[in-house]
Every structure is written in structure tokens, then in C-alpha cells.
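**Student:** Generate a structure from the sequence data that follows.
(4 chains)
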Number of protein chains: 4
Amino acid sequence: MSWLQNSIMAQRAVAKGNVNSVHSITEADQGKYHYVYGPYVEPVLRVDPGTEVSVETHDAFEGAIKSESDVPSQILNFPYLNPQNGPIYVNGAEKGDCLAVYIKEIRPRGPQPAGTTCLLTEFGGLVGTGDTAILNAPLPERVKKVHVDAVKGVTWNDKITIPYEPFIGTIGTSPEIEAISALQPDYYGGNMDLPDVAPGAVVYLPVNAPGGLLYLGDCHANQGDGELCGVAIEHPTVTTVQIDLIKNWNFKWVRLENEKVIMTIGSGRPMEDAARIAYRELVRWMAADYDFTELDAYMLLTQVGRARLGNMVDPKYTIGASILKSYLV
Amino acid sequence: MSWLQNSIMAQRAVAKGNVNSVHSITEADQGKYHYVYGPYVEPVLRVDPGTEVSVETHDAFEGAIKSESDVPSQILNFPYLNPQNGPIYVNGAEKGDCLAVYIKEIRPRGPQPAGTTCLLTEFGGLVGTGDTAILNAPLPERVKKVHVDAVKGVTWNDKITIPYEPFIGTIGTSPEIEAISALQPDYYGGNMDLPDVAPGAVVYLPVNAPGGLLYLGDCHANQGDGELCGVAIEHPTVTTVQIDLIKNWNFKWVRLENEKVIMTIGSGRPMEDAARIAYRELVRWMAADYDFTELDAYMLLTQVGRARLGNMVDPKYTIGASILKSYLV
Amino acid sequence: MSWLQNSIMAQRAVAKGNVNSVHSITEADQGKYHYVYGPYVEPVLRVDPGTEVSVETHDAFEGAIKSESDVPSQILNFPYLNPQNGPIYVNGAEKGDCLAVYIKEIRPRGPQPAGTTCLLTEFGGLVGTGDTAILNAPLPERVKKVHVDAVKGVTWNDKITIPYEPFIGTIGTSPEIEAISALQPDYYGGNMDLPDVAPGAVVYLPVNAPGGLLYLGDCHANQGDGELCGVAIEHPTVTTVQIDLIKNWNFKWVRLENEKVIMTIGSGRPMEDAARIAYRELVRWMAADYDFTELDAYMLLTQVGRARLGNMVDPKYTIGASILKSYLV
Amino acid sequence: MSWLQNSIMAQRAVAKGNVNSVHSITEADQGKYHYVYGPYVEPVLRVDPGTEVSVETHDAFEGAIKSESDVPSQILNFPYLNPQNGPIYVNGAEKGDCLAVYIKEIRPRGPQPAGTTCLLTEFGGLVGTGDTAILNAPLPERVKKVHVDAVKGVTWNDKITIPYEPFIGTIGTSPEIEAISALQPDYYGGNMDLPDVAPGAVVYLPVNAPGGLLYLGDCHANQGDGELCGVAIEHPTVTTVQIDLIKNWNFKWVRLENEKVIMTIGSGRPMEDAARIAYRELVRWMAADYDFTELDAYMLLTQVGRARLGNMVDPKYTIGASILKSYLV
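**Tutor:** The predicted structure is shown next:
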């Protein structure tokens, strides 16, 4: 029996974690991809809770970087970056609810080399940027294309192969009245770039606008903590998720569950604010649902909490704070 | 002869800083106020460069806090805060241009006590907030209503009167595809809360979307550096601005000019990033238009640059960096 | 054969990672413990490279918090906190060298309950502090005493037992002319609170003052990422380290090696500066010793780098950045 | 009658702000200058409260940068930078007291060009640094020597003259047991680089070690807000201060008073922490000595507080928060 049958989704969601319907969104279905998370476009699909959807995602550059001789600054057209599928309207979702999104599978698609990473001007964790403005000359631009195979992994070079550990870099719901760049992570999700948002996890996304309006894209074949230069191994995929709805589970920031842990995800600047948000949300969750007082949770997390650095490059940095379920007794 | 005749607006703008047309936007004209800076609504007015517009602004709470016994958390309905007039579409404005907005006058309007300040839960510079998340109990909520008189000033209490030094707390253009909360300051302006954005100044706002789409609101009768508790003396006004257009003056962050200084305005977190942005933009401006090399500008600003802290409470902090025009020789 | 025989210590250190001499420092030997990392005191011991030393460490409160009814603010006497053993003078160590310190074993000592954690006023990751100054009322003070057993683990309560995973919270060399609080982590080590500084690891500490002047103390029985409330499970120990010396290995920030990874440790505020330091040092290390260019290292770490949050509570935050040795081919 | 006669120093200090004795510390008297603020050296002078002392200060480079063709990285020898006069032991000063230091006069001394500014590698507000570590190439080094005249000002070039507005860049007392680099500002003062620490001001410095142990140096002929590139117009001076002692005035961070304002000075990273410290200290001062509640002070400072950015380049950033005395009614 899978842990999923004991998941919060199975216990509390409208469809009890069952799949009653299956859909797909191909590139053709999607048509125009989106570059903001907002309520100002028509849904590409309307589903009931308990629907499985397979989505053809683009890479973060919409496939525009094709060879190692490409110069990103000549090809990319800000703010039309990080194309997103969706939005998917979930029938019955209202402000104060949350979407439960179980990530079933991510498979690479498209011709090889399917993977792209690169150095972009004034973007990255170890360079001056538009936010951390300096006078030093930028690093050179650089593109690296790599083969991505779901079994053999990512062929970095003759000597180095990296395991295929895919996850969804950008996923979330729409804000209520804002439309925010798909490059940004925030309370509703977005560009969190957190490797835990991977097959086997259920992501809980707060609903702020009617229907929730689920967007997703930007799948990574692998990524280190912090996504240091700002560009993981970006690749187009077929990503399959199962969408359910939990009524009246009202919280501010994205939550996640997998077989081992519960996790809360905070995004902010400076980075300590991302950590504070993530851990405070976890304290509050433990106090609300797991029979701890806030101070007990605070003291226990001091001893056993885990923090995962998602990104240190986006407009907000992202940290996931988690605790083993075995401590939630 | 006013310095305005030598302003950048007079020298470079389409209407040469002249007024060829006069309009007003009353509360009734405005109808629905706006809570995001974005391109997804119809303009309330379309004008040619060289137009003077008088605008009836609301206070940041849209007048909802009426007495000192009001409890803000019971009255305010996030995200429907900081109501903005506009957008005003400026004919001919295209991405890569900038709007020149000369602030002519700000007058208080409405019944007394016209001014409102208050302590809001989890908002402010010396408390834990949604961004700087802590477990400490919040401060109590508190409302203070004050008389605001353009001549006599703000009556704080029997002993303290504060001069009326009004400015526009929130002003800016629309992002290209984003719609961002009016509570946030950013490259296009928004909730900068910088007291230099006052009568006598020309603000230069980058155009990102067709027509520029000028929004403004949130006028303060007075404010200290940093807007410490997050709520200045908010008041409804009639604010008069003159709108012009400079073609092909392309920069990233808001600029400002008054009789004495040129200023660049940066917003970011942590606060040093706001300072870096502001000063780097000033270095670049001096290098582009005033015959300095970047390194010469950097070294001179070390000796004579001025930094003004706008807000230390909004989603991004704001700092204005300036240099006396007398040094631009 | 142990990986240690292929460690950098074994390959490059004066004593080749061999133990030629064994010493101990009991409480009585130590006499006065130290509260700063500096060169202004006499060494407690002088050793040659290749010496094993067993040290009786105190807990971070020097044993002063004895029961759950104690009130820390009435007992603790800042700045006389976090007592350190040492300094140990390593013969032959000069500025530009580094000490190699292999952590052999940490054993709890003293009467039960040997472990202490607590909530201190204005200290911790989810409260206002002396550095992040706010007006909110502080949390209550609170002490929790726990049994610590090297085999059975830490008895948190009837339901929760935490594995005994001890490490050295504070270890480092002396600055050249500064004497810095043992509460602070910095380039020379100090209060890093990083769980990887554990038995099985070799820590490489830059030498800034003659003899290196090794200090250590503050062992934790267990700790979560970030040491959230600021007080891990503090306990007195017998800690055994093997001290060696690498001549002319000159770097700025502490490095670490264990069977699986090499790691660099950065401390700073805001937290992104700790991450930047750690990752830049790792890039430089890979470029200097492992046949990567800086840009190649930067791009590879984007895919496979790991970041561990040590503390988010000390005067500087600490992050360790690492890469699997299997990628250093 | 000077405002000084109503100063806090005149009202509360042991010598009531009177001068009973006059001393000087020449270069020869000083002998060895100091590079840390600490208690581990002998005082150069012992004085009673009510003593005026004239001090021959060096510039921050101890005069080592003599011409524009000098290359700072080849000349400067970290950590032997920012030489300080003192320490001066004030008889009767004990932990919990504060020193009152009235700055009487600063005069340039030494051969012309007496002023030095420069670009140092990996130091400054708009470059990557050792703390904000990046991979971009550093800016070039550069030295600029300028004439400094107390009347005519600083001759920047043929077209630009900057007024002589001298102040003490680094001044403070010793920590209790730490010895901290003179490059760092902190609660006891140090390298605050705040232009308000100028002739006409009284600085109140908390006493942490017996005798207070006053250090000072690093006078600037002029400086912009933030000291952008990190090096103001450094120059050697004769600086005259009057030293008094206030018993049992116990606060954490440096305070300042001049004719117009009272000010509190905070140093920290990120910059918002410096602002928070400064403003919280001001709130507390107003509550303790000026008949405000903390919340009243907080709300009033929102409207009339002033923030001055001292440095944005040192190991901690410095901000001074002030309020006009006219509001302290």
C-alpha cells in the first residue's frame, strides 16, 4: 500500500486522492504559453477535483536556445521567459481552499541534446545582478547543451554523468488580483526551483482566485541546492499531475508532503526571511494539525528541522523547511 | 524664471514642458479605483503630452478608517488597499520612452480630521511582519486621526504641530505584462513613499506598456524617513500633475529632478540592494548625460552623494540617491 | 582501508595524518575557559603536528543551567558565554598555513540530564533580536533538560527520541590581532553550528596567528538545520581530535572533508552572503586543486552543489557548500 | 549662550561639561597606533572627566598612499589599517556608564595634497567584496590625491570644489573582552563613518570596560551618504575633543546630540537591521527620557524621524536615526 493512501490529500480532498478523469494538454492544446501568474487569461482547461493531467511543458527558454554558439542576450526577450502551461481551472475551488497536486511523473521529451544550461548576463548567485547592482564587468555568456535520458541521466561530459532527478521548477496558483512574472516565487508558488517538488510529492497550493488557476512549467532534469548560476538543466517534458481540492484548508504559503516529510516553502529576500517564513509556517502547521504548541514545535525543530535551499537567484530566494513524519507522533 | 524652464522635461519632452490642455479626474470620473499597477484595465483618461491633470485621490484606506475606535484588521480587506487613480494613457508613449510628470500641487480635501495614521498588525519597520516572520505576539492595533491644514500643518496633539509637506506616496507606470500590487514599489515606481516626490519635482517614469499607463495615489501630508510604522499621515487630496513625454529616453528605474538635485530611486530587499540600485543608476546617468566616466562618478558620489530612505516597510524598501546639480559641471 | 588514508590531510600534512603523540585537556588542565577567539592568552597546550588530544568540553552555558525551573536571563552573564577549550599552539604553524583537525570522537560526559536547550530572550531564528530589533514583546524564557546517551540517543519526551549525532558547534583558530566573541562564526571558524563538523570529518582551519591557536567547545548532541531557536541540545563532552598542519595551504574560509564530500563554510549576513562566500570558496577550491575552470565549476555546482544551513541565529549565519568527491574526476 | 550649556553632557556629566584640564597626544606621544578596539593594550593617557585632548590623527592608510601612481594592494597590509589614537582611560568610568565626548574642532595637518581617496580591490558599495562574494572581475585600483584646506575646501578638480565638512570616521570605546578591527562599526562605536559625528556634536559612548578606553581616528574632510566607494577624503588631522563621564547612563548603542537633534546610531547587516537598531534605540530613548510611550514615539517618528546613511561599505552598515529637539516637548 502506498503512503499516498494515508496522505493528507487522500484524507481531506474532495476526490479522496482518487483519479476519476484523465486529460492532456499538448503544445497545440496550450497554444499560447504564459509568462505571468495571474487571473487575466482564459483557462486552457477546466477540471473537477480528481483529474489527472499530462502536460507538455517547454523548457524555460521555450526552446529558443538551440546550440552552444547561441548568445542568450540576443535570443531571449525579457519578460517573455519561463513559459507556463495552464491555467487549469479547478471546479469548486474558492479563496480559502487549497489545491492538492500530486506529481506523478516527469519524462523528458524532444530532440537531443534536450538539456540546456547557460550563463546569462547579470543573473546568477555569484554575480552582480539587476537587484544586487554593481559596477564590475559581467561574466561572459555561455551555453551548454546536454543529453538528458530518464534512465542514463544527464551526460555532463565524458567523465561526469548526473542522475536524472527531475522536478517542477515553477508551479502555483494565481494571485487574486496580481499577475506576477513566472520568474518569481511567492506565497502562491511560482518559480520556487525547489528539488523536492518532484514525482512522489503532493504540493498543496493556496487558492486565491476562483478555480485556483493552476500554472506549471520549467522542469529541471537535475539541480543543485540554490541553482547557483540560475539555470539548472532545463528541458521540455511531459509532466503528469493529479489534481484534487481541499475545501477550507486555508494557509498562506505553499506546503508539500511526501512519504517521509511534511514541508513548508518560503520565498523572500534577504534569504533569512525565506527561512523564517518556511519555519514559521511549519511551526504553525505543527501547532494546528499535530498536537504541538507553537513553542514546543519551535524547540523540536531546533533539533530535527531540515532546510533545503531551492534558489538563490530569483527575485525572491526559496527555502523549504521540513520535519520527518516520524516525529509527528 | 523658474528652474523648470531648464529642466530636462523642458529640454527633451515632446511638449517642451508646456501645458496645452487641462483635465480633471474626480472621484466620480474615476469610479473604480485600482489596486494593482498593470495593463489589464481600460484607461480612465487619454491625454496628449503637455496635459495638466487634477486628480481626486483617496487616502491609502479609501477613507474606510473614520475614527480612532476603528479596528483596522476588521475594516481593511487585503489586497484591496492603497487605491490608485488612473491609468492615464499618454498618446505616443511606447516602450523605451519615459513619462515626465511635473508635480504642481497637492491640496488636502474632505472633512476633518482628514489625516489618518495607525498601527497595523504585522506591518511596520519595528515589528515582525509577513515577510520577516516571527513568533512574538503582534503590537496592539491603534488609530490616530489628525487635522490636516495646508497652511497650519498637521495637528499631532496639543503640543506638536508638523508642517504640511505633502508628497505622492505611490506613482508610476504599468509593467509590460505584470499587474503588481499598489503596495509594492519597483522599477516602474509604485509605492515608493519617498518624500522627494513632492510639488516642485519632475518624476521621470520608464514606459513599459503602450501609453505608459500612469497611476497615482496615496498622498502623505508628511512623512519621516523610512515611514517607520508603515502608515504616514494619509489623506485624500486634489493632486495636480503636468504630464509630458520624452521619446527614446530609456532607463530601468525611476528618476527625479528638482531645482537642486537629480535623483535616482531604487527599491529592493535587503535595503542595501535598494541603495546599490539607486547609486548605480545615478552613476550611469552621470556617465550618460554629464560627462563623467563611471569610475569618476563613483568616486565623486563617495564624497557628495546623498541617500534618502523612503520606506523601510513595503515589500521592497526604497532609497533615493542624489547629487546637487551644482556638481554636474 | 579508511578513506582517511587518501584524505588531503594524509597527502599534504606534516605528519601525514599519523598520530605520534597523545594528550588530554581535562577541566582541571584547562582551568579558565575562554570566551573570545584571540591571540591575547597563553596556550593551554603546545603540540607538534600529529598529536591526538582529548578535551573535556563544557556545554555552551558552562553547566550553569541545571534545571527546568532556571531562568536563563538571571543566570547567564553575557559576554561570558560559550566557554572554549584551548588555545592549543601547534608548533610550526604560521600565517598562510592551515591546521588539519580530524574529529575522532565525541562522547557525552557528566550527570544526567546532560542535555540542555532553552528559549533565551531576544535570541533565536523566529524572534526579534538585538540585531533584528523590534518592539514586539519577547517570547517567554523556557528551559528543557534531556537525557543524552551515545547509544540510545536524546530522550526528548515519552514519544520522541532523537538520534545522538554529535558535532562540534564552535571550533577555529585565532584571528591575527582581533579577539572575537566565541558566539560568532567567521572566516577562522568559531560558532559555525554546522552539523557536518562531526566525527569522521577533517576540518581545515586557516592559520592567522603564530601556532594557529586552536580553540573548540560547544558540542551539540543533535541539531536541526539552522539551529532554529538558537540552542541545540547542548552537552558537556569528551571530544577527541587529531591535529596536523599543512604548510602553505593558504585560503580565507574554513574547509572540510569527509569520506563523501569536500565542503567550504561561509558565514555572513544577510544569509545570501554566507551562501555566496561558501560557494565562491568551493568554486575557487575546485579551480585550484581539481582541474576545473572557475566557470566550469560554477556551472557544475549549479547542477550538483549541496548547501547546508548551519545556523540562522548567530551574529553571522553559516552555510556549508559541498560537492560529492565522485564529481571531482 | 551656546546650546551646549543645556546639553545632556552639561546636565548629567561628572564635570558638567566644563574643561578642567587640557592635554595633547602627538604622533610621538602615541607611538604605536592601534588597529583593534580592545582592552588588551596600555592606555596612552589617563584623564579625569572634564579634560580636553588634542590628538594628531593619521589618515586611514597611516599616510602610506602618497601619490596617484601608488597601487594600494601593494602598499596596504591588512589587518593593519585604519590606525587609531588612544586608548584614553577615563578615571571613574565603569561598565554601565557612558563617556560624553564633545567634538570641538578638526583641522587638517601635514603636507599637501593632504587628502586621499581611492578604489580598493573588492571593497566598496557598488562592487563585489569579501562579504558579498562574486566571480566578476574586480574594478581597477585607482588613487586620487586632493588638496584639503579648512577654509577653501577640497579641490576635487579644476571645476569642482567640495566644502570642508570634517568629521571623525572612527571613534568609540573598548568592548569588554573582545578586540575588534578598527574597520568595523558596532554598538561601542568604531568605524561608523557617519558625517554627523562632527564638530559641534556630543557623542555618548557606552562604557563596557574599566576606564571606557576611548579610541579615535580616521577623520574625513568630506563624505557623501554611504561612503560609496569605501574611501572618503581621508586626511591627517589635529582633532580636539572634550571628554566627560556620565555615571549610570546605561544603553547599548552610541548616541549623539547636537544643537538641533538627538540621534541614535545603529550598525548591522543587512542594512534594514542597522535602521531597525537605530530607530528602536531612539524609541527607547524617547520613552525613557522624554515622556513618550514607546508606541507614541514609534508613531511620531513615522512622521518626523530622520535617517542618515553613514556607510554602506564596512563589515556592518551604519545608520543614524534622529528627531528634532523641537518635537521633544
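**Student:** near chain B, which residues of the stretch 201-329 of chain A?
**Tutor:** Listed as neighbours of chain B in the stretch 201-329 of chain A under the rule CB under 8 Å from any CB of the partner chain: A:252, A:266, A:268-270, A:273, A:276-277, A:279-281, A:283, A:294-295, A:298. No exception for glycine: its C-beta is placed from N, CA and C like everyone else's.
**Student:** Looks like A:Val53 contacts A:Gln30 (just checking).
**Tutor:** No - the criterion here is CB atoms under 8 Å, and A:Val53 misses it with A:Gln30 at 11.4 Å.
**Student:** Which one of the two is surrounded by more residues?
**Tutor:** A direct count of neighbours by other CB atoms under 10 Å in any protein chain shown for A:Val53 and A:Gln30 places A:Val53 higher, at 23 against 20.
**Student:** part of a strand, is that one?
**Tutor:** Yes - counting by DSSP: H, G, I helix; E, B strand; the rest coil, A:Val53 is found in a strand.
**Student:** Could you find the closest non-adjacent residue to it?
**Tutor:** A:His23 (4.7 Å; CB to CB, 6 or more residues apart in numbering or on different chains).
**Student:** What separation is there between the one you found and chain B?
**Tutor:** 27 Å (CB to the nearest CB, to the nearest Å).
**Student:** go on, A:Val151?
**Tutor:** For A:Val151, the distance to chain B - CB to the nearest CB - is 39 Å.
**Student:** Share the number of residues neighbouring the residue lying closest to that residue once chain neighbours are set aside, please.
**Tutor:** Leaving aside its chain neighbours, A:Val151 sits nearest to A:Tyr164 (7.2 Å; criterion: CB to CB, 6+ apart). Counted with other CB under 10 Å, the neighbours of A:Tyr164 add up to 20.
**Student:** How about the secondary structure of A:Tyr164?
**Tutor:** Quick answer, by three-state DSSP: A:Tyr164 is coil.
**Student:** For it, give me the pLDDT.
**Tutor:** A:Tyr164 carries a pLDDT score of 98 in this model.
**Student:** do A:Val329 as well
**Tutor:** With respect to pLDDT, A:Val329 has a value of 88.
**Student:** any idea which helix or strand carries it?
**Tutor:** In this structure, A:Val329 sits in neither a helix nor a strand according to DSSP states H and E.
**Student:** Tell me how many other residues crowd it.
**Tutor:** 10.
**Student:** same deal with A:Tyr279?
**Tutor:** Neighbour tally, A:Tyr279, other CB under 10 Å: 32.
**Student:** what's it in contact with, if anything?
**Tutor:** A:Tyr279 makes contact with A:Thr264, A:Gly266, A:Leu301, A:Gly305, A:Ala307, A:Ala321, B:Ala133, C:Gly125, C:Leu126, C:Gly226, C:Leu228, according to CB atoms under 8 Å, 6 or more residues apart in numbering or on different chains.
**Student:** Nearest to D:Val207 among those?
**Tutor:** Set against D:Val207, the nearest of these by CB to CB is C:Gly125 (31.4 Å).
**Student:** ok, that closest one to C:Ile168 distance?
**Tutor:** In this view, C:Gly125 and C:Ile168 are 21 Å apart by CB to CB, to the nearest Å.
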